[in-house]
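# Turn this into a structure:
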Amino acid sequence: MQQAFGLTDHDLRFVVDALGGDAGDPAEAPATLRAREDLLDVMLEDDRLVERLLGEENVLLRVSPRFVFTVLLRRVVRDLRSQPYTLERTPAETIAVFDAPHVRRFIAEPAMWDYLVRLLTSFLRNESVTVFVRKHGRVVRRRFSTSSLEDMMRFADLVDHGEAPWLFRRIADIALFQSGVFPDSLRWARTQRGPVARARALPPTVETYEEHGRRFYRLAASQPEAGPEGPVLASLAEEFPTARKSLALLSDRYLRWTRLPWFEAPGA
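Numbering: from 1, shown residues only. Have a look, this model is predicted:
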């Protein structure tokens, strides 16, 4: 793991400020905590950090996105230590599944935990890619959202082979993020009728997103460019439902019930 978990000086000052006078001087926090990661590890588990992150309206102006999701994912790991089951919701019922230890081990693995933190931060803003293509003898501008599964799949059909590894990963990340953090958006899209519904090439279901997530994580893992992250991508392909449940737990427990605008509305 990176030094001080990859957190910024502002993040480390926030930790000391949130924990009160017994945590030391905020001005000296960066140097102190970078030298004492064992101390920082304990402090990041403190309940007061979660309370401040979820209750402070402009918190994202004070700390990095990485810090936010570092603290909240650690809290999900801690929550799973105290219960043997997780809940799976279907349109018809809610089912208790006794898989909490497996989900906890999956998130807590350092390389996987780090990847999920980076994945979450990448969706804080909706961005677009604009390309010019020739169609019927004239040049046409096309714009693709980097948060839309369908847009990124269409974009992958237009780019050179060298761009494919990044797109494979992004497509899989979208499938995981949206089916985990925003599963209700898929259910909403499934009820639509008319031109909007007919324009969708992919059925907006969790099952469809899982299928594409697995497929594109496998493709990303098989690329030479995957490097050291290859095993993580392969594990995401194999354990896609577990990864999705990890993000669903984060969303249900710590994001959904706050008024904070953590993510812009995704394109389903």
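
# I'd assumed residue 245 was in contact with residue 102.
No. Residue 102 lies out of contact with residue 245 (Cβ atoms under 8 Å); the separation is 9.6 Å. Just so you know, the C-beta spots here come from the backbone N, C-alpha and C atoms, and that holds for glycine as well.

# These two: which is more packed in?
Per other Cβ atoms under 10 Å, whichever of residue 102 and residue 245 has more neighbours is residue 245, with 22 against 14.

# separation between the more buried one and residue 66?
As judged by Cβ to Cβ, to the nearest Å, residue 245 and residue 66 stand 22 Å apart.

# For the residue sitting furthest away from the middle of the chain, grab phi and psi.
Distance from the centre of the chain peaks at residue 137, with 40.8 Å (Cα atoms, centre = their mean). Main-chain dihedrals, residue 137, degrees, to the nearest 10: phi 80, psi 0.

# now swap in residue 130 and tell me
Residue torsions, per degrees, to the nearest 10, at residue 130 are phi -110, psi 130.

# what sits against the residue lying closest to it once chain neighbours are set aside?
Distances taken as Cβ to Cβ, 6 or more residues apart in numbering place residue 143 nearest to residue 130, at 4.9 Å, with adjacent residues excluded. Listed by Cβ atoms under 8 Å, 6 or more residues apart in numbering, the contact partners of residue 143 are 128-130.

# For those, give me JSON lines that also has pLDDT.
Shown next, in JSON lines, are the contacts of residue 143 (pLDDT from 0 to 100):
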{"residue": "128", "pLDDT": "83"}
{"residue": "129", "pLDDT": "85"}
{"residue": "130", "pLDDT": "83"}
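
# Relative to residue 51, which of those residues is nearest.
residue 128 (35.6 Å; Cβ to Cβ).

# Test my guess that the closest one contacts residue 145.
Yes. Counting by Cβ under 8 Å, residue 128 touches residue 145, with 5.3 Å between them.

# The residue nearest to residue 219 when sequence neighbours are not counted: neighbour count?
Once flanking residues are discounted, residue 219 sits nearest to residue 168: 4.4 Å by Cβ to Cβ, 6+ apart. Close neighbours of residue 168, defined as other Cβ under 10 Å, add up to 24.

# Residue 168 touches residue 230, doesn't it?
No. The pair residue 168 / residue 230 is not scored as a contact, 12.0 Å apart, by Cβ under 8 Å.

# Going along the chain, name the helices of the stretch 151-268 of the chain.
164-181, 183-190, 195-198, 206-221, 230-238, 240-250 (DSSP state H, counting those that start in this stretch).

# Going by neighbour count, list what's buried in the fifth one.
Spelled out, that is helix 230-238. 232-237 (16 or more other Cβ atoms under 10 Å).

# Equivalent analysis for the first one, please.
Judged by neighbour count using 16+ other Cβ under 10 Å, the buried positions of helix 164-181 are 165, 167-181.

# just those now: which is nearest residue 213?
Using Cβ to Cβ, the buried residues of helix 164-181 come closest to residue 213 at residue 175, 3.4 Å.

# Next one: that closest one from residue 43, what distance?
For residue 175 relative to residue 43 (Cβ to Cβ), the value is 34 Å.
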